[in-house]
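1. pasted the sequence and its predicted model underneath.
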Number of protein chains: 2
Amino acid sequence: MSDARARGRPRRADAVDRRAAILGVARGEFAAKGFAGVSMRAVARAAGVDASLVSHYFGSKEGLLVATMDLPVDPVAKIAAVVASGPDGLGERLVRTFATSWDPHRDVFSSLVRTSLGSGDGDTPVAQVAREVLGTQLVDVLAGDDRELRAALVASQLIGMATFRYVVRLPAVADASVDDLVRWYAPAVQRLVDS
Amino acid sequence: MSDARARGRPRRADAVDRRAAILGVARGEFAAKGFAGVSMRAVARAAGVDASLVSHYFGSKEGLLVATMDLPVDPVAKIAAVVASGPDGLGERLVRTFATSWDPHRDVFSSLVRTSLGSGDGDTPVAQVAREVLGTQLVDVLAGDDRELRAALVASQLIGMATFRYVVRLPAVADASVDDLVRWYAPAVQRLVDS
């Protein structure tokens, strides 16, 4: 990076600076106003960049939120990929992807949950991600009655599994193979996917 | 109570004192040693009472643990009653009983979860209850393969639902009627009950 700067690459350095500026603004906005209170446009304005640049870097407001958290796993991208193949076998893909993505980062997941739920404020970044990312992304792939409730209950199942596997570390769940989780939990998740 | 004491009823007063003494000892033991490290016998000894009295008052170690927490809902008794009718319809009874029991005590549930998961120590009283009560009581009613894992995943589902309904308060889950929760979530729970 310092070599690149020495050779004079203003564009690359500018891009890094602008991305950092957007993230800095967004982090403060999400903390102050919660997910619903933040707009991509307002973040762009406060960061002194064009709104299209925020979309270019982060795709969506959910993507921007996740980027501010510096997670080892990008839940927006993961869920988007899993959902893209449609409702058939979605339960299996969700359980398998969730477990394989977070198993190497148990401690990170645990501290995210502890930090988020431990505070008195329900509108923490992790709660926002759980609400907005898991909730809204899943809704679109479901058909039939009560799609919002069913999507939220699918998210409840995944968060419950992850809380027992990574945070509480109940041995039966923490030590289970991914295949055994998929074998038993995936049909229970699929039950909510199918209306 | 003061009338009773004035009239001189040493037995009643003794019973209250002994129960309080047992709870005081047990609270300290669970905090220091965790659920597995505590025995009813050792609690009785430290409280200066016969072990049979601990069983008489609290039924089981799980019951003793719950009593130390002074909960508005007794999960041991609730789950025992729900489990007693066997695996048929268990998913529905679990979801309905859990929601109707805790809906009037949302804030208590929320602060229990926050206090428990917010601390750095995974072996908190609430984690112990989740692990021991939900886990072990459910195992006995299940048949077939991987009963421990399935029971723990049922508990994951209930804790996930309760976390979204009472702690994160995702509107889709928090505002759903108990009947709608039962309609959608009960079959997903039952899927894990049936092997």
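-> Perfect, I can see it now.

2. okay, CA-based contacts and neighbour counts for the rest of this
-> Fine.

3. for chain A, give me the ranges with low pLDDT.
-> Applying pLDDT under 70 to chain A flags residues A:1-11, A:13, A:115-128, A:130-135.

4. what is the longest helix of it by residue count?
-> helix A:10-33 (DSSP state H).

5. how about the nearest residue to A:Leu170, chain neighbours excluded?
-> Leaving aside its sequence neighbours, A:Leu170 sits nearest to A:Phe164 (CA to CA, 6 or more residues apart in numbering or on different chains; 5.5 Å).

6. then A:Ile159?
-> Nearest non-adjacent residue to A:Ile159, counting by CA to CA, 6+ apart: B:Gly160, 5.8 Å away.

7. could you do A:Ser156 as well?
-> For A:Ser156, ignoring the flanking residues on the chain, the nearest one in space by CA to CA, 6+ apart is B:Gly160 at 4.4 Å.

8. contacts only, for that neighbour.
-> A:156-161 (CA atoms under 8 Å, 6 or more residues apart in numbering or on different chains).

9. ok, is the helix or strand A:Arg183 falls within in contact with chain B or not?
-> Here A:Arg183, judged by DSSP states H and E, is contained in helix A:178-193. Yes. Between helix A:178-193 and chain B, judged by CA under 8 Å from any CA of the partner chain, the touching residues are A:184-185, A:187-189, A:191-192.

10. who's in contact with that helix?
-> In contact with helix A:178-193 (CA under 8 Å, 6+ apart) are residues A:87, A:89-92, A:94-96, A:99-100, A:142, A:150-151, A:153-154, A:157, A:173, B:150, B:153, B:184-185, B:187-189, B:191-192.

11. that one versus helix B:178-193: what angle between them?
-> Orientation note: helix A:178-193 sits at an angle of 150 degrees relative to helix B:178-193 (axes from the mean of the first three to the mean of the last three CA atoms, to 10 degrees).

12. how near is the residue positioned nearest the centre of chain A to A:Ser101?
-> By CA atoms, centre = their mean, chain A has its centre lying nearest to A:Pro75, at 3.2 Å. Noted for A:Pro75: a distance of 9 Å to A:Ser101, by CA to CA, to the nearest Å.

13. list the contacts for A:Val54?
-> With contact set as CA under 8 Å, 6+ apart, A:Val54 has these partners: A:22, A:40, A:44.

14. now with 7 Å, please.
-> The neighbours of A:Val54, taking CA atoms under 7 Å, 6 or more residues apart in numbering or on different chains as the test, are A:40, A:44.

15. again, but for A:Met40
-> A:51, A:54, A:61.

16. what about 8 Å?
-> Counted by CA under 8 Å, 6+ apart, A:Met40 has contacts A:51, A:54-55, A:61.

17. how close does A:Thr136 get to chain B?
-> 11 Å (CA to the nearest CA, to the nearest Å).

18. helices along chain A, start to end?
-> With helices called from DSSP H, chain A shows them at A:2-7, A:10-33, A:40-47, A:51-58, A:61-69, A:75-84, A:90-102, A:106-118, A:125-128, A:137-139, A:147-162, A:171-174, A:178-193.

19. and among those, the most buried is which?
-> Scoring the helices of chain A by mean neighbour count under mean count of other CA atoms under 10 Å in any protein chain shown gives helix A:147-162 as the most buried, with a mean of 26.

20. still on that earlier bit, ok, the contacts of B:Gly160 vs B:Arg106, which is closest?
-> Checking these against B:Arg106 with CA to CA, the nearest one is A:Ser156 at 16.5 Å.

21. so that closest one touches B:Phe164, yeah?
-> Yes. In this structure A:Ser156 lies within contact range of B:Phe164 using CA atoms under 8 Å: 6.4 Å.

22. the closest residue to A:Asp145 other than its chain neighbours: how many residues sit nearby?
-> Distance criterion CA to CA, 6+ apart; nearest residue to A:Asp145, sequence neighbours excluded, is A:Ser195 at 6.8 Å. Look at A:Ser195: counted by other CA atoms under 10 Å in any protein chain shown, it has 13 neighbours.

23. what's the spacing between A:Ser195 and B:Asp180?
-> A:Ser195 sits 13 Å away from B:Asp180, going by CA to CA.

24. what do you get for A:Thr68?
-> The spacing between A:Thr68 and B:Asp180, counted by CA to CA, is 35 Å.

25. for A:Ser195, give its distance to B:Val95.
-> From A:Ser195 to B:Val95 the distance is 18 Å (CA to CA).

26. and A:Tyr57, by the same measure?
-> Per CA to CA, A:Tyr57 is found 42 Å from B:Val95.
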